[in-house]
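Peer 1: Mind looking at a prediction? Sequence and model below.
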Amino acid sequence: MEKVISTEQIPIKLWLDDIEEGALEQAKNLANLPFAFKHIAIMPDAHQGFGMPIGGVLATKKVIVPDAVGVDIGCGMCAVKTSLTEIDTDTLKKIMGEIRKVVPVGFKHHEEAQDENLIPLPHRDVIDETGKSGYAMKMVHQYEIIEQEYDSALKQLGTLGGGNHFIEIQKGSDGFIWIMVHSGSRNLGLKVANHYNKLAQELNAKWHSSVPKQWELAFLPMDSKEGQNYIKEMNYCVDFALANRKLMMKRICSIFRKWINDNHRYNETNIQFEDMINIAHNYARMENHFGQNVMVHRKGATLATKDTVGIIPGSQGTKSYIVKGLGNPDSFNSCSHGAGRKMSRRQAVETLNLEEEKEKMKDVIHSVRNKADLDEAPGSYKDINIVMENQKDLVEVLVELKPLAVIKG
């Protein structure tokens, strides 16, 4: 249940007790923005980010804030339920090895461009500069950054990326094997985010904005050319991120089909896959809340409208969850996007015990081999059980998923 801080211009509603000082300071900054609407919602996985806490929800009137979306635009989760009810360790290891061959991780990309029919083609408008049809026709480019990065993006399609991105095979409380992927818009989203955030900072300085520069919350008016361009390119990145997850999932399912069907494992004559569940957690969009149309920014938060099926992952050593939204208006119909970090990557590497973290994952095929890998160890994340308990008024759990094998970015 939420707790309310009422010391700022608008209330801050929190679904956690243990918010770190830096994240709380950022939440207070959000609550003092002149264009912030109604209240600020802070999810139970919240921790400090750039400008806005990861796990924060900000609704605004007439403006959009690039740093309240973040650099990995459209990042999100997808999950597929298979018809398998069991899978042995040897088969899992072979499948994970095959996945690594077709899904580049970290900074790696494909050597060849992927099929551009898998992503939206950048739209261009043709106009007549002279006003007389047939003369001085000009192509108007709708996507400044997308078009610059388009060729590179085609080689990034179907790649996992780094950080906390992952591919995980899981056993569900429903008795079935599941596949889950966490990834985003790769370098494309980063380029768009950085370009428009820099532009917003320049314009805010020019306008002598009342929003302090050190808050890292520069904005763009939605009715401005710059604001409209950011919205177009942001939405493209959301679509690209979904296409990226779809392609990885398609290739992973093909590997499962090969190993299960072709090798006649578990008497499966034809492994089946249910429709993919997808949910993004870094984006902004127009929604109606408390009787007004507002731009809702979700940064590390996912949509939880009534009956919306979503995904909340834990760490690579803990359970993940398929959930159904309860449509809580106080959270702007949102919930957490995961467990949330409780320490920085550097702090995790410097303080966590390698053998203790490995012991936590003794039943999971994982890739924590040395101290450098501790930045994504279970101990660097909050307790997912507490996170889920804190948002019982936001989501209902449909399926609990126990990790069996994981590939980290």
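Peer 2: Structure's in. What do you need? Since the structure is predicted, the reported quantities are computational estimates derived from the model, not experimental observations.

Peer 1: Run through the stretch 251-400 of the chain and note the low-pLDDT ranges.
Peer 2: The model of the stretch 251-400 of the chain has pLDDT under 70 over residues 263-269.

Peer 1: where do the helices sit along it?
Peer 2: 345-351, 354-360, 384-390 (DSSP state H, counting those that start in this stretch).

Peer 1: What residues of the last one count as buried?
Peer 2: Spelled out, that is helix 384-390. For helix 384-390, a neighbour-count test (16 or more other C-beta atoms under 10 Å) marks 384, 387-388, 390 as buried. Yep, even glycine has a C-beta here, placed from its N, CA and C like the rest.

Peer 1: of all those, which comes closest to residue 102?
Peer 2: Residue 102 lies nearest to residue 384 out of these, by C-beta to C-beta, at 29.4 Å.

Peer 1: so where's the stretch 1-150 of the chain uncertain?
Peer 2: Across the stretch 1-150 of the chain, the ranges flagged by pLDDT under 70 are 1, 123-141.

Peer 1: 50 - rerun?
Peer 2: Per-residue confidence for the stretch 1-150 of the chain (pLDDT under 50) gives these ranges: 125-127, 132-139.

Peer 1: quick revisit: out of the helices of the stretch 251-400 of the chain, nearest to residue 92?
Peer 2: helix 354-360 (17.7 Å).

Peer 1: Give the closest residue to residue 230 in space, chain neighbours not counted.
Peer 2: Once flanking residues are discounted, residue 230 sits nearest to residue 196: 4.3 Å by C-beta to C-beta, 6 or more residues apart in numbering.

Peer 1: Past the helix or strand that neighbour falls within, which element shows up next along the chain?
Peer 2: Per DSSP states H and E, residue 196 falls inside helix 186-206. Next helix or strand after helix 186-206 toward the C-terminus (DSSP H and E): strand 220-221.

Peer 1: What helices and strands are in contact with that next one?
Peer 2: Strand 220-221 makes packing contacts with strand 63-64, helix 186-206, helix 225-257 when contacts are defined by 3 or more C-beta pairs under 8 Å, 6 or more residues apart in numbering; DSSP states H and E.

Peer 1: right, so these: which one is the most enclosed?
Peer 2: strand 63-64 (a mean of 24; mean count of other C-beta atoms under 10 Å).

Peer 1: ok, the helix or strand that that one is followed by: who's next to it in the sheet?
Peer 2: As assigned by DSSP H and E, the chain's next helix or strand after strand 63-64 is strand 76-81. The sheet places strand 76-81 alongside strand 177-183 (antiparallel), strand 277-280 (antiparallel), with pairing taken from DSSP bridges.

Peer 1: how about the helices of the stretch 251-400 of the chain, which one is nearest residue 108?
Peer 2: helix 345-351 (19.6 Å).

Peer 1: Show me how far the closest one is from its chain's centre.
Peer 2: Put simply, helix 345-351 sits 23 Å off its chain's centre (C-alpha atoms, centre = their mean, to the nearest Å).

Peer 1: Flag every buried residue along that helix.
Peer 2: Under the neighbour-count criterion of 16+ other C-beta under 10 Å, helix 345-351 has 348-349 buried.

Peer 1: Other residues contacting it?
Peer 2: 343, 371-372, 374-377, 379-380 (C-beta atoms under 8 Å, 6 or more residues apart in numbering).

Peer 1: circling back to that earlier point, now the helices and strands packed on strand 220-221 in JSON lines, with distance to residue 76?
Peer 2: Shown next, in JSON lines, are the helices and strands packed on strand 220-221 (distance: least, C-beta to C-beta, whole Å):
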{"stretch": "strand 63-64", "distance to residue 76": "19"}
{"stretch": "helix 186-206", "distance to residue 76": "11"}
{"stretch": "helix 225-257", "distance to residue 76": "6"}
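
Peer 1: and of these, who's closest to residue 293?
Peer 2: Nearest of those to residue 293, taken as C-beta to C-beta: strand 63-64 at 13.1 Å.

Peer 1: re earlier: quick one, which of the strands paired with strand 76-81 is packed in tightest?
Peer 2: Highest mean neighbour count among these (mean count of other C-beta under 10 Å): strand 177-183, a mean of 25.

Peer 1: What mean pLDDT does that strand get?
Peer 2: The average pLDDT within strand 177-183 is 98.

Peer 1: Next, the angle helix 225-257 makes with that strand.
Peer 2: Orientation check (axes from the mean of the first three to the mean of the last three C-alpha atoms, to 10 degrees): strand 177-183 against helix 225-257 gives 150 degrees.

Peer 1: which outside residues touch strand 177-183?
Peer 2: By C-beta under 8 Å, 6+ apart, the residues outside strand 177-183 that reach it are 75-82, 84-87, 159-161, 164-172, 241, 244-245, 248-249, 252-253, 256, 311, 313, 320, 322, 399, 401, 404, 409.

Peer 1: ok, now how distant is the residue nearest to residue 112 when sequence neighbours are not counted from residue 384?
Peer 2: Distances taken as C-beta to C-beta, 6+ apart put residue 155 closest to residue 112, at 7.0 Å, once the chain neighbours are dropped. Separation of residue 155 from residue 384 (C-beta to C-beta, to the nearest Å): 34 Å.

Peer 1: Same question for residue 391.
Peer 2: Relative to residue 384, and taking C-beta to C-beta, residue 391 is found at 11 Å.

Peer 1: what's the answer for residue 219, then?
Peer 2: Counting by C-beta to C-beta, the gap from residue 219 to residue 384 is 34 Å.

Peer 1: Residue 355 now?
Peer 2: For residue 355, the distance to residue 384 - C-beta to C-beta - is 22 Å.

Peer 1: Correct me if wrong: residue 309 contacts residue 303.
Peer 2: No - if you go by C-beta atoms under 8 Å, residue 309 and residue 303 don't touch, sitting 10.1 Å apart.

Peer 1: residues shared between the contacts of those two?
Peer 2: 279, 325.

Peer 1: Look at those two and report which has more neighbours.
Peer 2: residue 303 (20 against 16; other C-beta atoms under 10 Å).

Peer 1: OK, contacts around that one?
Peer 2: 279-280, 310, 325, 333-334.

Peer 1: And residue 4, by the same measure?
Peer 2: Shown in contact with residue 4 (C-beta under 8 Å, 6+ apart): 11-14.

Peer 1: Quick check: the residue nearest to residue 216 when sequence neighbours are not counted vs residue 88, distance?
Peer 2: Closest residue in space to residue 216, ignoring its immediate chain neighbours: residue 51 at 3.4 Å, by C-beta to C-beta, 6+ apart. Separation of residue 51 from residue 88 (C-beta to C-beta): 47 Å.
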